[in-house]
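S.K.: Sequence and predicted structure, then a few things I'm wondering about:
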Amino acid sequence: MAKEVIGIAGCGAMGEPIATRLLTAGFEVWVHDVRPRSDFGAIAAYMIEDAVEFARRCNIVISVVRDVSQTRSLLFGEAQGIVEGDSPPEILVISSTVSPRFIRQLLTEVPTQTSLVDAAMSGAPYRAREGTLSFMIGGPDAAIDRLIPMLEVVGNRLFRLGDVGMGMTTKVLNNYCAASSIVATHRVLGMAQALGLDRRNLLEVMKNSSGANWFADHIDQIDWSDEGYSPDNTIGIVEKDVQATLDSVVEFPDIDRWPIDDALLEALQRLKPLELNPPTS
C-alpha cells in the first residue's frame, strides 16, 4: 500500500494539536483552514489554502471543523468542495461532533470511491496534546484498519462500534451526559461560594466521592473550564452537541422529548464565567 498522506481540515483547538502529534510521529501531514496562513504558527508551513489542491494531495482527510454547516462547506461548498473535484480523498473521516442523522445522509452524498468513517473524539485540547483522546469509530473495517496507526498517535482508547454512524451515535449520547455534569458542576460551585465552602475543598471531595465526573475531575487541565456561555466558544459547542443528541432521535416516535432536554439547553445558556479561586472580601 502506498504511503498514507493525511489531511487535517480545521486547525482549531483540536485540529492543530492532532496535526502536530502526527507530524512529530513522522506522518506526512497537510492542513487546511479557511483562516489565513498568518493566523497559525509552526503549523503554517504545512498549510494548503486551496481546498482542491489539499484534497488532491491527501488520500486521507480528517475533518475537525465545528459543525454541520462548516462540514458541508468543506465537502461541497463553492469555495472548498473537497469531495467534488477530480481527486476526492480515499477515506473521509468526520471527527467533528454532529448529528448521526447527518452522518447517515452524508453516506448517500459522498463519492462512491470515498470511504466514509465517523471517528468522533472525546477529551479536550490537553488530551489531544498528550495523545490520550478517546475515539468512537464507525465505518468499513478496511478503512478503519488503515486509520488505526494514526489514531493511536493521538488517542489511547479506540472503540470500534460498527457501521457508519455508530461512532457518532455513541459520541452524542456521551456528550449529553458530559453536558449534564458541566452544568451540575458549575451549579454546585456557585452554591459552595454562597454557602461559604471553599470550592477547591468541594472539588477534592467530589473527586473521591459519588459526585465525581470528568469535568470536575479535570477542571484544571481543561482549557475552557472557566468559560461562561457564548455561542462562539466551547460551551456553545457543548450546546450544539446536546442539540445533535436530540436531533439523532427525532425519527423515533417512541423516544419522547423530556423536560430535562430543554432544561439542559437553557442551563448551558445561563452559565457564567467560573472563578475557581474567587477573591475573598
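M.R.: Great, that's in hand.
S.K.: Tell me who's in contact with Leu265.
M.R.: Leu265 makes contact with 239, 242-243, according to Cβ atoms under 8 Å, 6 or more residues apart in numbering. In short, each C-beta sits where N, CA and C put it, glycine included.
S.K.: Go ahead and build a PyMOL selection from the buried members of the residues you listed.
M.R.: The buried residues among the contacts of Leu265 can be selected in PyMOL (16 or more other Cβ atoms under 10 Å) with this line:
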select buried, resi 239+242
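S.K.: can you redo the contacts of Leu265 as JSON lines with pLDDT and secondary structure?
M.R.: Putting those into JSON lines (pLDDT from 0 to 100; DSSP: H, G, I helix; E, B strand; the rest coil) gives the following:
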{"residue": "Glu239", "pLDDT": "98", "secondary structure": "helix"}
{"residue": "Val242", "pLDDT": "98", "secondary structure": "helix"}
{"residue": "Gln243", "pLDDT": "97", "secondary structure": "helix"}
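S.K.: Tell me the one of the contacts of Leu265 nearest Ile91?
M.R.: Minimum distance to Ile91 across these is 27.6 Å, recorded for Gln243 (Cβ to Cβ).
S.K.: And what about Leu173, helix, strand or coil?
M.R.: Of the three states, Leu173 takes helix according to DSSP: H, G, I helix; E, B strand; the rest coil.
S.K.: Can you report how many residues neighbour it?
M.R.: The tally of other residues near Leu173 (other Cβ atoms under 10 Å) stands at 15.
S.K.: Give the helix, strand or coil label for the residue nearest to it when sequence neighbours are not counted.
M.R.: Spatial nearest neighbour of Leu173, chain neighbours left out: Thr245 (6.3 Å); criterion: Cβ to Cβ, 6 or more residues apart in numbering. Following three-state DSSP, Thr245 is assigned to helix.
S.K.: what residues are up against Leu106?
M.R.: Contacts of Leu106 by Cβ under 8 Å, 6+ apart are 71, 75, 94, 116.
S.K.: now, which of those residues sits nearest Leu23?
M.R.: Nearest to Leu23 among the contacts of Leu106, with distances taken as Cβ to Cβ, is Ile94, at 21.5 Å.
S.K.: how much space between the closest one and Gln105?
M.R.: Ile94 is 12 Å from Gln105, where distance means Cβ to Cβ, to the nearest Å.
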